[in-house]
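Enquirer: got a structure for you, letters missing:
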């Protein structure tokens, strides 16, 4: 049938007769000749329809945009000066011998190359939206990423084992999607938030190396980069330690970037969580931005400036500076803009110092706050930040979380700004790293209890087991995240493989033996039967592909995504259902009227 | 860490030091030496623990079944006469130097090699059940099958595109699993019964070649070979015709059998639906059984025996014989057993003739029915069946469906019986075929209307479009099923790609324009925009692997299956959920008491 994809016709096929199938991307008459840009998933090729083949030409005259066509013709060089360097086929064109309309098209509701369509329009007419070359590329890239991950894993003895989609609801973490059972009146399945427990069970069952590229579900209010269903590359292995696991999956991501994008990822620094928070205020620092925090908490304890001294002397408080080289040239308006920006993160304000002349000490500084700081403090600030003439220092002083979130975001915002790029604060590259040594627990002030940072099946560092009783906050986990350009690509941990350690964690989390048994009894049972040491991780496929495609939203790398109202504009899901269906499922609506609307 | 899988230690590693990780499958003391069969997913190897290494030996003394162990030792030949030809490692053993208990095990509730466990026990303790070597093999085979299918498709330019799990309920076909929406009060998603419409939309969007190995859901009462969630290898392609599609996916199944099972599948006969029903009474004939139907409907119109003449002269009736070579030796008891068997399919009885001496005509036959048949009919029976001395003829006479189902099942039952195997009626081989040219519609007597045999998106044969109006029963579809050893492995069709043909089908099915728009509007819309000719098929992965593994049930090739009550005995799903969860989903239980139970 087809001899080549239209988008792949090139000089290699010169003078050959080709048969192509595709869509009329554009059609134009020029000097009595009809030119059709024939499009398929691989790209475009120019078809030339000469009037000397009358029947064919008559057909060509009837062709409109998005007609589905079969073209038989001969590949020839484009006339000099009409080459198109942007196309694989840009040096050639196809002189049409036969043209068949496989299917006509009504006029599309919008031109396919309109770049300013609303998301509502795109999702409502998703089938046409998906015809756009960028969307074709995105989904083919997504496939290539997943397939290369599979190949890498296959070569290393990992096997894909499917875990259930209809599983048990565990009222922890995010909200479950529930599925009423017809056969079991009053009972519900839950769609999995992740295959976490099943993959651990598979390790206990001895499968040794498992993976799955699978849908997970969370019924949460949707943010820009979230979908009700999302795809994880989910992996677990037995008998490997933390570093071996990291090395193997760093290798996988390197392989995927190499094969799917022809990109060789550079160094993967390994940074402790503590170090990342200390230097960047974030456990997923964007290392493309060169700015770092300067710690000042110890310096500000005795200044006569409550904005700094109170957090410096309060448990859980933090004071830092962010030195912006060359930032003294920023206008007051810009600084005010950043002040508003950090307020999003709960900051009450944004103190700053412009460094005009370091040599002059206090006199060389321009700032509303220096008058409140004694000389020793000012000297320390200048020394620790390494401030130079022309720099701007921003300050964060508050609870550590407010400082980290606010100044951490400010760091990224300045780095990515026009100013930041001009000042060389941003390097346009792929900047991966591992963040390791996460704390086991964080304190939930509201509930006054400890909660698991990763999940309750994460193993503590060797020697940290007893800290779970004595000082949970100091207990470090064998957990790791892979971060790229400020996004978490994936994360995981070595798991607990001994029942007694698992019980200690539940006890630290104030999950009593009965509750533990009711929720996770099948895991505790399994751990009793010679569970092997094991660990793993999960990558967010949607995110990885979004980054690799440099797409604006994960919806641009998903064929049929939901809106932020969790609706599919193409099919109209979710929708009302028959009363009979509800009766069979032993449920009824609370608000009968709502269902009419 | 590990230098080799335990099950792969062989002569190739002779005299080398190996590090192994696995489970104590068996432990025995023999002449002061401890032998441990160490098991991992690849198999077993014998570990020899000599008392001359005291610390190691003390550890070995404490080892019990299912302990998780690390073994360092040297590979050596087994003493002559103790080799085990059933194991890869059967010629060698590992002399243990170091032994570490990675995790102890309590005594399992049953021995892992007990072949007579109830399914309830196996599914309740699924993690231990999965440790059994056969289950390890089954799931590794399943992976190999899926991965080889992916590789075959990848090489041919098919791309895996994920379609939604949360989609729209269409009250047709099987019952949907529903998922209440929290954000959209009173609305429900449905889990997909198949990605049929989405894959067609992807063809319209121009992706050209799609596949997905994905979960599908049907909330039906479960039979032995059904699960609430099952896995399809789902495929669609544009621009290929029926024969090209069949050839490509016959190639895929051949590839999978070759790579995963080292089996070269032989001929794939292509048989029309009409022919299959005519010769075997089934659209999925088991060609390992050599028996065939002999058509006698025309012969029996004028016999003085209402059991035959009534169906022979009634529209929709059928009379056939099934000649069983050598069957005359069957006892009356056996024949009575088969008579009961066909009653399951609605037959009222099972007429039979033993052929003692063909040359003697009527006198050479032993039967309760020959007295009712005139000489010409008897002559025709003997001629058409080609009966030989010692044969047994069974007869089916009823509505065609009853005859086809009953005698079709009888054919298979006799073929698979001890008698059938001894008589050479059964050939133990892989017997694949294509069944093609299915009817577009079948008449639903109850509803007095035509229903789609495949699904309403299936294209009619070229030239059959008008039959949809004039004679729907004569309209043949571009549909095809792949059958292996009497099981349907998969099936599909060329789809309708023109909106006007699709409308004709809806009209033949008495689906009015408004209903069609409400249910399938997004498909009809898509077909308007230059939809390409396309078609595809779907294979049932669970079934393919069940057959390849020669397993008794699809539950033996699924890691965590549900029971026939749609329950997971391991996790206890489905389960009751909090009232708060129901309130958030805007639903309530009909039977509050049921939920307590």
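Expert: Structure received. Small disclaimer: the values here were computed from a predicted structure and weren't measured.
Enquirer: now the strands for the stretch 101-250 of chain A?
Expert: A:159-160, A:178-180, A:188-190, A:209-217, A:229-238 (DSSP state E, counting those that start in this stretch).
Enquirer: and the longest one with strand A:209-217, angle?
Expert: For strand A:229-238 and strand A:209-217, the angle between their directions (axes from the mean of the first three to the mean of the last three C-alpha atoms, to 10 degrees) works out to 160 degrees.
Enquirer: Would you list the strands that strand A:229-238 pairs with, along with their directions?
Expert: Counting by DSSP bridges, the strands paired with strand A:229-238 are strand A:209-217 (antiparallel), strand A:534-540 (antiparallel).
Enquirer: hang on, the earlier thing: now the strands of the stretch 101-250 of chain A in JSON lines, with mean pLDDT?
Expert: Listed next are these as JSON lines, based on pLDDT from 0 to 100:
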{"stretch": "strand A:159-160", "mean pLDDT": "98"}
{"stretch": "strand A:178-180", "mean pLDDT": "97"}
{"stretch": "strand A:188-190", "mean pLDDT": "97"}
{"stretch": "strand A:209-217", "mean pLDDT": "98"}
{"stretch": "strand A:229-238", "mean pLDDT": "98"}
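Enquirer: TSV for those, including mean neighbour count and distance to residue B:335?
Expert: The way it works is simple: take the backbone N, C-alpha and C, and place the C-beta from them, glycine included. Shown next, in TSV, are the strands of the stretch 101-250 of chain A (neighbours: other C-beta atoms under 10 Å in any protein chain shown; distance: least, C-beta to C-beta, whole Å):
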stretch	mean neighbour count	distance to residue B:335
strand A:159-160	21	50
strand A:178-180	27	49
strand A:188-190	28	48
strand A:209-217	23	52
strand A:229-238	24	57
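Enquirer: partners of the top strand by length along chain A, with directions?
Expert: Using DSSP state E to define each element, chain A has its longest strand at strand A:17-30. Take DSSP bridges as the rule and strand A:17-30 pairs in its sheet with strand A:33-40 (antiparallel), strand A:68-77 (antiparallel).
Enquirer: Please identify the most buried of those.
Expert: Stretch with highest mean neighbour count among these: strand A:33-40 (a mean of 22; mean count of other C-beta atoms under 10 Å in any protein chain shown).
Enquirer: Not counting its own residues, what contacts that one?
Expert: A:5-7, A:20-29, A:44-51, A:57, A:60-61, A:63, A:69, A:71, A:94, A:96, A:131, A:133, B:206, B:208 (C-beta atoms under 8 Å, 6 or more residues apart in numbering or on different chains).
Enquirer: helix or strand right after that strand?
Expert: strand A:43-49 (DSSP states H and E).
Enquirer: and that next one, what other elements does it pack with?
Expert: Where contact means 3 or more C-beta pairs under 8 Å, 6 or more residues apart in numbering or on different chains; DSSP states H and E, strand A:43-49 is packed against strand A:17-30, strand A:33-40, helix A:54-62, strand A:68-77, strand A:92-103.
Enquirer: any idea how far it is from the chain center?
Expert: Relative to the centre of its chain, strand A:43-49 is centred 37 Å away, using C-alpha atoms, centre = their mean, to the nearest Å.
Enquirer: Give me the angle between that strand and strand A:92-103.
Expert: Using the same axes, to 10 degrees, the direction of strand A:43-49 lies 90 degrees away from that of strand A:92-103.
Enquirer: Identify all contacting residues around strand A:43-49.
Expert: So strand A:43-49 is contacted by A:5-9, A:20, A:25, A:33-38, A:56-57, A:60, A:71, A:73, A:78, A:84, A:87-89, A:92-96, A:99, A:133 (C-beta under 8 Å, 6+ apart).
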